[in-house]
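>>> fold the following.
(2 chains)
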There are 2 protein chains.
Amino acid sequence: VKAAGLSESRALAILQEELPQFGASTLVGIGDDAAVLQRPSQKLVWTIDACGEGTHFKQGWLSPEDLAHKSLQAAVSDLCAMGARPTAALVQLTLAPWWTVSRLRRLAREQAAVCRVLGCPIVGGNLTRAAEVQLVTTALGQLPGRPLQRTGAQAGDELWLVGAVGRARLGQRALERGWQKKSQLAACVGAFRRPRALVEEGLRLARVAHACLDVSDGLRRDAPRLARASGVRIVLEESRLARLVDQDFRRAADALGLDPVREMVDGGEDYALLATGPAGRRPRAARIIGRVERGRGAWLEGVEGRTELEGGFEH
Amino acid sequence: VKAAGLSESRALAILQEELPQFGASTLVGIGDDAAVLQRPSQKLVWTIDACGEGTHFKQGWLSPEDLAHKSLQAAVSDLCAMGARPTAALVQLTLAPWWTVSRLRRLAREQAAVCRVLGCPIVGGNLTRAAEVQLVTTALGQLPGRPLQRTGAQAGDELWLVGAVGRARLGQRALERGWQKKSQLAACVGAFRRPRALVEEGLRLARVAHACLDVSDGLRRDAPRLARASGVRIVLEESRLARLVDQDFRRAADALGLDPVREMVDGGEDYALLATGPAGRRPRAARIIGRVERGRGAWLEGVEGRTELEGGFEH
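Have a look, this model is predicted:
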């Protein structure tokens, strides 16, 4: 398969040019059968994540630069949720026939920029071709302390949110309607296209929180996962979520005719961190959005009572 | 998206049941945001590889069990080519709508079996849905000695082949024609479906070879890569390749009306190891198939002279 003058060796040459193998721990980088890294000084945290056309975005929604941000930040976010610092990544890049040399160079150049900010070089990967573009990113991190798991939430904990939720979802709704140019929606479209992994925030949480996960599928799906893993009940307080709605978010929701708090509960892909921890230990960046009780399941508590949230693909 | 009663939480439960988190180095396995591994005692070798419907196989060519073998062994083969021992893997699993609970269980059960043989547990991964099945596997290994790179071949080296080439290609040809039931082709179909990563062979090569890669795309493409990376000329000797054609391979080639030596040169996906090293240091499992000279490019030398092989997607 050959696409727009983009042979495999040309593609590899572009990636090697644009992705600097910085980091003293990279002994063998792009171009061999595998990457070789110096022996790590701490425990390893390791994740894999997919970002694909059709599944995660539609053609035209993301520029090559946006793809660099979305794919890398989403993968690194998993490391943040464990309290790790990212150190290196590999990318399985599936190129569609319509990808040009110029698109590949723009992608790689922005990957290099994102990697520099994250301190996480792309040290290798693999190239394939298919009908649709896909990036599968695996990231390694090192763990300065204990791992921050999903299993440690305790009855009596506060429920903490670090980062925003719902913005990426409004951004996706805007893209679905072709409204990405509306000024009220620009920030949300940006949140969908270029989420930010919360590296320092995750490291800080790891010192005080009892449990944590990243909100990739929305509080509605991820809060029940946290409850299940820890064997506790999670209660999201609607009034506390409502207090986090700022003017810009409300304007964006209004432009789309959507309820802001509902979108905060349903919206994933912002890669906020949802954690639980003891009152009095809450980091400055964390906002209280509920509490942990004895029992089961995740519940949304409003003025009219509690409704249960249910997770996964089931609903 | 919901397929054949296979919800995300059900799929995850099946994977957790079937994939035992053996290995003392796994501190956190399947089910959290990321896996956590004990601090390694050696340098790390790290790779990623894709195995997808449409690109790498057609629907009906591979059973769920075959998919377990093909995806894991291909990824681990990259570690073998660097002289590393595999230690753990993550799998990004994209499920097609027609995948049932039973297919997923068969896949996971066989993955567990393959992992046990390789000493390389699957410690985590990610689930997505799309129109076609795909497994992207990332594998980590540890390096007992120095990395065996593509860059070290020297003029005067022997060219060594460890493992067979061409069999997987004949198997693929058989599948393309629907001839997988023909007895002469069964072994080659098996080679395509269930290749074997050469772990011990790679470790042995690492102690004596100057350069190595795994033949995933065929000698025709991979020999020029080795020549380019090392800045040498690789000469494949047709007469030596012809001597490696055994009766079964000849019968399979005959059944398909193909020339056995040509198929050995063109065929990838057997995951043989192509290495170079000094005469007198050749491991018992390695067969000499040519030599390394000063110069450029990879050449096939026959009775009628030399023809240049060219690599990558270009030809």
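>>> which other residues reach the one helix or strand residue A:125 maps to?
Element membership of residue A:125 [criterion: DSSP states H and E] is strand A:122-129. Outside strand A:122-129, the residues that touch it by C-beta atoms under 8 Å, 6 or more residues apart in numbering or on different chains are A:1, A:3, A:8, A:11-12, A:15, A:19, A:21, A:23, A:26, A:29-32, A:34-35, A:37, A:88-97, A:111-112, A:115, B:46-50, B:52, B:55. C-betas here are computed from N, CA, C, even on glycine.
>>> residue A:201 touches residue A:275, doesn't it?
No: at 9.4 Å, residue A:201 does not count as touching residue A:275 under the criterion of C-beta atoms under 8 Å.
>>> start to end distance for stretch A:282-301?
22 Å (C-alpha to C-alpha, to the nearest Å).
>>> near chain B, anything from that stretch?
No: judged by C-beta under 8 Å from any C-beta of the partner chain, stretch A:282-301 and chain B are separated, with a smallest distance of 13.3 Å.
>>> sorry, back to before: CA atoms of the strand holding residue A:125 as CSV?
Extracted in CSV, the C-alpha atoms of strand A:122-129 (Å, rounded to 0.1, in the frame of the first residue of the first chain):
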residue,chain,number,x,y,z
ILE,A,122,8.6,9.0,22.0
VAL,A,123,11.4,6.5,21.8
GLY,A,124,10.0,4.1,19.2
GLY,A,125,6.8,2.6,17.7
ASN,A,126,5.5,0.9,14.7
LEU,A,127,3.9,1.9,11.3
THR,A,128,0.9,0.3,9.6
ARG,A,129,-1.6,1.3,7.0
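>>> that strand pairs with which strands?
Here strand A:122-129 is paired, per DSSP bridges, with strand A:85-95 (parallel).
>>> mean confidence for the next helix or strand after the strand it pairs with?
Sequence-wise, the next helix or strand downstream of strand A:85-95 (DSSP H and E) is helix A:101-118. Here helix A:101-118 scores 96 as its mean pLDDT.
>>> what angle separates helix A:101-118 from strand A:122-129?
Following axes from the mean of the first three to the mean of the last three C-alpha atoms, to 10 degrees, one obtains 150 degrees for the angle between helix A:101-118 and strand A:122-129.
>>> and helix A:101-118, what does it pack onto?
helix A:8-18, helix A:64-81, strand A:85-95, strand A:122-129 (3 or more C-beta pairs under 8 Å, 6 or more residues apart in numbering or on different chains; DSSP states H and E).
>>> what about the strands in the stretch 201-315 of chain A?
Under the criterion DSSP state E, counting those that start in this stretch, the stretch 201-315 of chain A contains strands at A:211-215, A:233-237, A:272-277, A:286-293, A:298-302, A:305-309.
>>> next one: residue A:33 from chain B, what distance?
4 Å (C-beta to the nearest C-beta, to the nearest Å).
>>> report pLDDT for residue A:314.
As predicted, residue A:314 sits at a pLDDT of 41.
>>> check whether residue A:148 really touches residue A:205, as I assumed.
Yes: the pair residue A:148 / residue A:205 is scored as a contact, 6.3 Å apart, by C-beta under 8 Å.
>>> show me which of residue A:201 and residue A:275 is the more surrounded one.
More crowded of residue A:201 and residue A:275, by other C-beta atoms under 10 Å in any protein chain shown: residue A:275, with 31 against 21.
>>> what sits closest to the residue nearest to the spatial centre of chain A if chain neighbours are left out?
The residue lying closest to the centre of chain A (C-alpha atoms, centre = their mean) is residue A:74, at 3.1 Å. Using C-beta to C-beta, 6 or more residues apart in numbering or on different chains and skipping residues adjacent in sequence, the residue nearest residue A:74 is residue A:49, 5.2 Å away.
>>> helix or strand for that neighbour, which one?
Residue A:49 belongs to strand A:43-52, assigned by DSSP H and E.
>>> likewise for residue A:161?
With DSSP H and E as the criterion, the answer for residue A:161 is strand A:158-162.
>>> how far off strand A:272-277 does that strand point, in degrees?
Going by the same axes, to 10 degrees, strand A:158-162 makes 150 degrees with strand A:272-277.
>>> quick one: average pLDDT of strand A:158-162?
98.
>>> and the next helix or strand past it?
helix A:167-176.
>>> please name every helix or strand in contact with that next one.
Using 3+ C-beta pairs under 8 Å, 6+ apart, the elements in contact with helix A:167-176 are helix A:186-193, helix A:247-256, helix A:260-266.
>>> rewinding a little: tilt between the strand holding residue A:49 and strand A:85-95?
Strand A:43-52 runs at 30 degrees relative to strand A:85-95, counting by the same axes, to 10 degrees.
>>> ramachandran angles for the nearest residue to residue A:169 once chain neighbours are set aside?
Leaving aside its sequence neighbours, residue A:169 sits nearest to residue A:267 (C-beta to C-beta, 6+ apart; 2.9 Å). Phi and psi for residue A:267, reported as degrees, to the nearest 10, are phi -80, psi 130.
>>> go on, residue A:28?
Dihedral angles (degrees, to the nearest 10) for residue A:28: phi -130, psi 120.
>>> can I get the CA coordinates of stretch A:63-77 in PDB?
Extracted as PDB, the C-alpha positions of stretch A:63-77 are listed here (Å, rounded to 0.1, in the frame of the first residue of the first chain):
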ATOM      1  CA  SER A  63      -5.800  18.500  12.900                       C
ATOM      2  CA  PRO A  64      -2.500  16.500  12.900                       C
ATOM      3  CA  GLU A  65      -1.400  18.700  15.800                       C
ATOM      4  CA  ASP A  66      -4.600  18.000  17.700                       C
ATOM      5  CA  LEU A  67      -4.100  14.200  17.300                       C
ATOM      6  CA  ALA A  68      -0.600  14.600  18.800                       C
ATOM      7  CA  HIS A  69      -2.100  16.200  21.900                       C
ATOM      8  CA  LYS A  70      -5.200  14.000  22.300                       C
ATOM      9  CA  SER A  71      -3.400  10.700  21.800                       C
ATOM     10  CA  LEU A  72      -0.400  11.400  24.100                       C
ATOM     11  CA  GLN A  73      -2.200  13.300  26.900                       C
ATOM     12  CA  ALA A  74      -4.900  10.600  27.100                       C
ATOM     13  CA  ALA A  75      -2.300   7.800  27.500                       C
ATOM     14  CA  VAL A  76      -0.200   9.800  30.000                       C
ATOM     15  CA  SER A  77      -3.300  10.600  32.000                       C
END
